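Peer 1: make a model of this:
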Amino acid sequence: MINKKAAAKINLSLDVLKKRDDGYHDIKTLMIMTSLCDELKFTKSDEVNINSDFDFPIEDNLIYKAYLKLRDYKNMDIPFKVDIVKNIPVAAGLAGGTSNGAMTFYALNELYNLNIDRKTLIELARPLGADFTYMMTGGFALASGIGDELKILDDLNLDHVLIVNPNIKISTPKVYSKLEIKKERIDFERVIRALYSLDVDSLNRYMGNNMEEVVFKKYPEVKKIKEDMINMKAASLMSGSGSTVFGIFESKRDLDRAYFYFKEKYDLCYKVKAGGSYGGF
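Peer 2: Reported below is the predicted structural model:
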């Protein structure tokens, strides 16, 4: 039996630079893992059995796609059963599905003693989605390209983070399809400096997510969550393509006050920590 924790990430800023000829977008984004995680328990089995409440075909599940990649690479079947305690909201900008798939690579490699090195596992995962490289690497990272070129930064630890999701499922491709590429660029150096010094005012000034405009227009409730976070002394931003909003607080007192406020409105409300040590690598 192999146990893995598949951590959620948050985008501490996200800049969409241009649309590529292959249909993807060049981006620049600052990411960090959080203590919010799904719990996965892998055991050997006679057939593949993904035991959770997913409401889509198994062929579309990134856990299953990770299994197929490893099976084909080793030219041997590696059937398994996985029991999942799902804590990360779905289609929420937290890369929960990708995180589950990423941990499947590591879990099956251990479960069947495949002896595939980490670099090869990451290369196998790369075609499955732009977030896989980071979700299999972790840390505090600045990503470029389509999100698969990483620069690992000195570790950052954020102890007072609030994650709020209004249970709105958002399609990332649909957000990209409506996105207007801006000329103004996010100043990531200023964002990084403000994060290390935990300067909330500067973070609210310099952090950015180009996808917010599209999502806020269709779902003003998401915008309201961010505004309320800021009014409660947080540095706040929508993560990824939404609909999750996070707030970074200076103190536990401010975090607790915001948590009790939002918990009355939203079931998917979590007090978490963020840092390079999270993830089940």
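Peer 1: tell me where the stretch 151-281 of the chain has strands.
Peer 2: 157-165, 235-238, 245-248, 268-275 (DSSP state E, counting those that start in this stretch).
Peer 1: now what about the last one, what contacts it?
Peer 2: Yep, that's strand 268-275 we're talking about. For strand 268-275, contacts defined as C-beta atoms under 8 Å, 6 or more residues apart in numbering pick out 10, 32-36, 89, 92, 140, 155-167, 255-256, 259, 262-263. (Each C-beta comes from the backbone N, C-alpha and C, glycine too.)
Peer 1: how about A141, what does it touch?
Peer 2: 30-32, 134, 150-153.
Peer 1: which residue sits closest to it, ignoring its sequence neighbours?
Peer 2: Nearest-residue entry for A141: L150, 4.8 Å, with adjacent residues in sequence omitted and distances by C-beta to C-beta, 6 or more residues apart in numbering.
Peer 1: my guess is V85 contacts N51. True?
Peer 2: No - V85 lies out of contact with N51 (C-beta atoms under 8 Å); the separation is 10.2 Å.
Peer 1: from the contacts of strand 268-275, list just the buried residues.
Peer 2: Among those, those classed as buried by 16 or more other C-beta atoms under 10 Å are 10, 32-36, 89, 92, 140, 156, 158-166, 255, 259, 262.
Peer 1: the stretch 1-150 of the chain: helices as residue ranges?
Peer 2: 62-74, 96-111, 118-125, 132-135 (DSSP state H, counting those that start in this stretch).
Peer 1: ditto for the stretch 151-281 of the chain
Peer 2: 172-177, 188-197, 200-206, 212-218, 220-231, 252-263.
Peer 1: show me what the third one is in contact with.
Peer 2: This means helix 200-206. 13, 186-187, 190-191, 193-195, 230, 233-236, 248-250.
Peer 1: let's see 6 Å
Peer 2: Helix 200-206 is contacted from outside by 187, 190-191, 194, 230, 235, using C-beta atoms under 6 Å, 6 or more residues apart in numbering.
Peer 1: can I get the residues you listed in TSV with pLDDT, distance to S243 and neighbour count?
Peer 2: Shown next, in TSV, are the contacts of helix 200-206 (pLDDT from 0 to 100; distance: C-beta to C-beta, whole Å; neighbours: other C-beta atoms under 10 Å):
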residue	pLDDT	distance to S243	neighbour count
D187	97	26	16
R190	98	26	16
V191	98	22	22
A194	98	25	22
I230	98	17	16
A235	98	19	27
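Peer 1: tell me the domain ranges of this structure?
Peer 2: Following automatic domain parsing, one finds the domains of the chain at 2-151, 156-275.
Peer 1: how far out from the middle of the chain is the shortest one?
Peer 2: Taking the mean C-alpha point of domain 156-275 and that of its whole chain, the gap between them comes to 13 Å (C-alpha atoms, centre = their mean, to the nearest Å).
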